[in-house]
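*Asks:* output the structure for:
(one chain, ligands or ions: 2)
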Amino acid sequence: MQPVILAIESSCDETSASVIQHGKVLNNVIASQTVHQKYGGVVPELASRAHQQHILHVVNEALTSSGISTASLNAIAFTRGPGLLGSLLVGVSFAKGMAMGLGIPLIEVNHMEAHVLAHFISDPKPAFPFLCLTVSGGHTQLVQVEDYLHMNVIGETRDDAVGEAFDKAAKMMGFPYPGGPLIDQYARLGNSSAFQFPQTSIPDLDFSFSGIKTAFLYFLRDQKLINPNFVENRRNDICASLQKHLIGMLMQKLKKASDETGIKQIAIAGGVAANSELRKTLLEYAKKYSWKTFIPDFQYCTDNAAMIAMAAHYKFLENKFSPLDVAPLANLSID
Ligand code: KG4
Ligand code: ZN
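*Replies:* Ligands and ions are numbered 1, 2, ... in the order given. Below is the predicted model:
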């Protein structure tokens with residue numbers, strides 16, 4: 001049976017709902033939270049409160065605009081984690097309430113697996129096995145994808161995510177949160193060879209971005225001693241140089257993963273997959289190393305419920321349902 005599913009995403013600062021019918025995503029409604037901008041990062045307490053305010057409207061909009069009635073739904077899907085506990089709780093509780101009220105099953109979805117499965121929302125779709133570099137504000141992972149529901153993390157960051165490195169560097173330069181897209185924007189106008197940053201040496205297929213964050217902090221401090229207006233005067237060149245360095249770190253491990261596994265179908269996912277330098281460099285590597293590359297539509301790179309719906313579709317087909325006492329899997333060491 002091909003199901004009709006309502007999916008909810010609330011892991012961080014986007015409240016999103018999507019309806020999927022017979023494997024086809026019908027919509028992707030997103031309410032973004034702007035309340036965090038002035039704080040330079042997501043404030044968990046404010047995020048969960050905003051989810052509470054948005055979720056009913058977002059779900060109603062997803063149902064209305066798809067023309068699907070609650071009576072036609074076969075399951076309710078939600079993001080179980082990873083994410084912020086208070087944010088996840090809103091989505092999990094809302095999904096449970098709907099599933100109980102309608103008497104239909106509940107499907108939990110792993111947020112990182114959903115980022116990978118965003119590649120199956122529209123064409124062209126990768127064939128198995130493929131490699132996926134999943135890069136977001138909270139994660140940096142290299143995933144070997146064997147099947148819709150079978151994937152192995154073969155490399156990941158040992159400390160900060162690359163999106164966090166972008167956002168923290170942006171904050172150091174005085175940009176509002178999230179600064180990643182602004183660095184991308186200014187970098188287009190700058191010289192990427194203007195400044196050099198130290199290379200980190202992390203074994204295997206793992207990454208580390210905490211060192212470059214600290215190096216960038218000291219770089220700005222030292223340059224400002226010479227010229228207090230350094231950031232204002234050289235903004236575009238700083239952004240271009242830093243961005244090239246960060247993307248170089250990602251591409252080096254992606255190439256190593258392709259060499260080691262022999263897999264040449266390469267995908268990128270997550271918010272940082274929207275970065276123009278990453279997209280450009282990926283296409284250059286594709287040409288040079290005969291890779292077939294896959295980049296999701298922009299709306300499916302950043303957090304969205306369509307990817308949760310896609311993952312839930314495949315879970316439904318394999319009867320993978322969740323009990324009603326399921327709890328969120330937050331970014332806690334006690335999980
Ligand atoms: O996947 P996502 O929406 O949320 C998480 O799961 O974290 O990713 C958000 C991250 C933020 O760090 C944001 O700065 C970054 O993606 N980002 C970008 C760009 N667009 C979004 N980073 C660099 N260049 C971009 N164009
Ligand atoms: Zn995400």
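*Asks:* would you mind listing what in the stretch 201-335 of the chain touches ligand 2?
*Replies:* Within the stretch 201-335 of the chain, the positions adjacent to ligand 2 are residue 303 by C-beta under 5 Å from the ion. For the C-beta atoms, the positions are set from N, CA and C on the backbone; glycine is no exception.
*Asks:* where along the stretch 201-335 of the chain do the helices fall?
*Replies:* 210-226, 230-261, 276-289, 305-317 (DSSP state H, counting those that start in this stretch).
*Asks:* please identify the deepest-packed of those helices.
*Replies:* Most buried of these by mean neighbour count (mean count of other C-beta atoms under 10 Å) is helix 305-317; its value is a mean of 28.
*Asks:* show me what it packs onto, helices and strands only.
*Replies:* strand 4-9, strand 14-21, strand 24-25, strand 75-81, strand 106-110, helix 111-117 (3 or more C-beta pairs under 8 Å, 6 or more residues apart in numbering; DSSP states H and E).
*Asks:* near ligand 1 at all, it?
*Replies:* No: judged by C-beta under 6 Å from any ligand atom, helix 305-317 makes no contact with ligand 1; its nearest approach is 9.7 Å.
*Asks:* what of stretch 189-209?
*Replies:* No: using C-beta under 6 Å from any ligand atom, stretch 189-209 stays clear of ligand 1, coming no nearer than 11.2 Å.
*Asks:* just to revisit the earlier point, out of the helices and strands packed on helix 305-317, nearest to ligand 2?
*Replies:* helix 111-117 (5.6 Å; C-beta to the ion).
*Asks:* go through that closest one and flag the buried ones.
*Replies:* Across helix 111-117, burial judged by 16 or more other C-beta atoms under 10 Å covers 111-117.
*Asks:* can you narrow those residues down to the ones near ligand 2?
*Replies:* Restricting those to those within reach of ligand 2 (C-beta under 5 Å from the ion) leaves nothing.
*Asks:* which one of the residues you listed is nearest to residue 61?
*Replies:* residue 114 (20.2 Å; C-beta to C-beta).
*Asks:* give the contact list for that closest one.
*Replies:* Counting by C-beta atoms under 8 Å, 6 or more residues apart in numbering, residue 114 touches 9, 79, 307-308, 310-311.
*Asks:* ok, 7 Å please
*Replies:* Residue 114 makes contacts with 307-308, 311, as judged by C-beta atoms under 7 Å, 6 or more residues apart in numbering.
*Asks:* look up phi and psi at the spatially most central residue of the chain.
*Replies:* Nearest to the geometric centre of the chain sits residue 270, at 2.9 Å (C-alpha atoms, centre = their mean). The phi/psi pair for residue 270 (degrees, to the nearest 10) reads phi 90, psi 170.
*Asks:* picking up where we left off before, mean pLDDT added to the helices and strands packed on helix 305-317, as JSON lines?
*Replies:* Rendered in JSON lines, the data for those read as follows (pLDDT from 0 to 100):
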{"stretch": "strand 4-9", "mean pLDDT": "98"}
{"stretch": "strand 14-21", "mean pLDDT": "96"}
{"stretch": "strand 24-25", "mean pLDDT": "98"}
{"stretch": "strand 75-81", "mean pLDDT": "97"}
{"stretch": "strand 106-110", "mean pLDDT": "98"}
{"stretch": "helix 111-117", "mean pLDDT": "95"}
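*Asks:* can you tell which of these is closest to residue 90?
*Replies:* Short answer: strand 14-21, nearest of the helices and strands packed on helix 305-317 by C-beta to C-beta, at 7.9 Å.
*Asks:* quick one: that closest one to strand 75-81, angle?
*Replies:* Orientation of strand 14-21 against strand 75-81 (axes from the mean of the first three to the mean of the last three C-alpha atoms, to 10 degrees) gives an angle of 140 degrees.
*Asks:* how many neighbouring residues does whichever residue of the stretch 51-200 of the chain sits closest to ligand 2 have?
*Replies:* Per C-beta to the ion, the residue of the stretch 51-200 of the chain with the smallest distance to ligand 2 is residue 136, at 4.2 Å. Residue 136: 24 surrounding residues under other C-beta atoms under 10 Å.
*Asks:* and it, what does it touch?
*Replies:* Residue 136 neighbours (C-beta under 7 Å, 6+ apart): 115, 161, 163, 270-272.
*Asks:* what about ligand 1: which of these touch it?
*Replies:* 163, 270-272.
*Asks:* can you tell me the strand partners of the lowest-mean-pLDDT helix or strand in the chain and which way each runs?
*Replies:* The helix or strand of the chain with the poorest confidence is strand 29-32; it has a mean of 91 (mean pLDDT, DSSP states H and E). If you go by DSSP bridges, strand 29-32 pairs up with strand 14-21 (antiparallel).
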